[in-house]
Structure formats: structure tokens, C-alpha cells
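**Student:** This is a predicted model, with the sequence first.
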Amino acid sequence: MVSTAERSSARAPEIAIEVVSESSSVLDSLREDVARHPNDFVTFETETAALRFIDEHALEAYRETEHRIIDRGVLGYWRGKALVVLPTLSRSMRPGV
């Protein structure tokens, strides 16, 4: 039996794939929205701080209940503004600083 298959010494090209997590792109999108429309948002560094604000302003603030909206960083609303968690890195933790 004769094999017609040839062995190739050429290597398959390497493909670089940049993996961006969904949560990272959602956070970037939220940052862009806040930058474009800062008067439409109240931002918090942590979820704990946002939930504390909602509890302290219980007569005017309310929590978001739709999970797909919460997953995008919106935890509630107050006086027509969205309450969002938008953490920032300290300068010492930012790459290249």
C-alpha cells in the first residue's frame, strides 16, 4: 500500500486572539455612558456603598429587580438617575503608571 499523504514541515500559522471578558466590556460600556451623560448617573465604588445608599434613601430610591440590568451594573434608581457600580483603580494599580 502506498500512502499519498505528504508530511509537511510547515507549521500552521499562529493566531493571536484577544480575549475580552463580557464583564469587562460591559464595564467599559457603562463607563462610556457615564462619561457621555454624567447627570443621568450616581456612581459608587462598591456594590455595598450603592445598596447602603438605596437603604438610606428608601423613600425615594428603589432597587432594580431585572437581573440582566443588574448584571450591567445598574443596581437601582434615585430621582431619575441610575445608581451604578463603577469601580476605579488607584493610580498605583493602573498598568503603565
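**Tutor:** That came through fine. Numbers count the residues shown, from 1 in each chain.

**Student:** For I54, give me its contacts.
**Tutor:** Residues in contact with I54 (Cβ atoms under 8 Å, 6 or more residues apart in numbering) are 61-63, 75-76, 78, 83. Heads up, the C-betas are built off the backbone N, CA and C, glycines and all.

**Student:** which among those residues end up buried?
**Tutor:** 61, 75-76, 83 (16 or more other Cβ atoms under 10 Å).

**Student:** gap between T65 and G76?
**Tutor:** According to Cβ to Cβ, to the nearest Å, T65 and G76 sit 9 Å apart.

**Student:** same check, this time on L51
**Tutor:** Counting by Cβ to Cβ, the gap from L51 to G76 is 8 Å.

**Student:** Quick check: neighbours shared by these two?
**Tutor:** R63.

**Student:** which residues are contacting the longest helix seen in the chain?
**Tutor:** For the chain, the helix that runs over the most residues, judged by DSSP state H, is helix 22-36. Contacts to helix 22-36, defined as Cβ under 8 Å, 6+ apart, come from residues 40-41, 43, 71-73, 84, 86.

**Student:** Test my guess that A50 contacts P87.
**Tutor:** No - contact between A50 and P87 fails when scored by Cβ atoms under 8 Å: they sit 10.9 Å apart.

**Student:** Counting neighbours, go ahead and name the busier of these two.
**Tutor:** More crowded of A50 and P87, by other Cβ atoms under 10 Å: A50, with 23 against 11.

**Student:** Distance check, A61 against L51.
**Tutor:** 10 Å.

**Student:** Can I get the buried part of the contacts of helix 22-36 as one ChimeraX selection?
**Tutor:** ChimeraX command restricting the contacts of helix 22-36 to the buried ones, with burial defined by 16+ other Cβ under 10 Å:
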select :41,43,72,73,84,86
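
**Student:** Now compare the contacts of helix 22-36 and name the two farthest from each other.
**Tutor:** Greatest spatial distance among these (Cβ to Cβ): D40 and D71, at 19.1 Å.

**Student:** From S25, how far off is L86?
**Tutor:** 14 Å.

**Student:** again with R72
**Tutor:** Counting by Cβ to Cβ, the gap from R72 to S25 is 11 Å.
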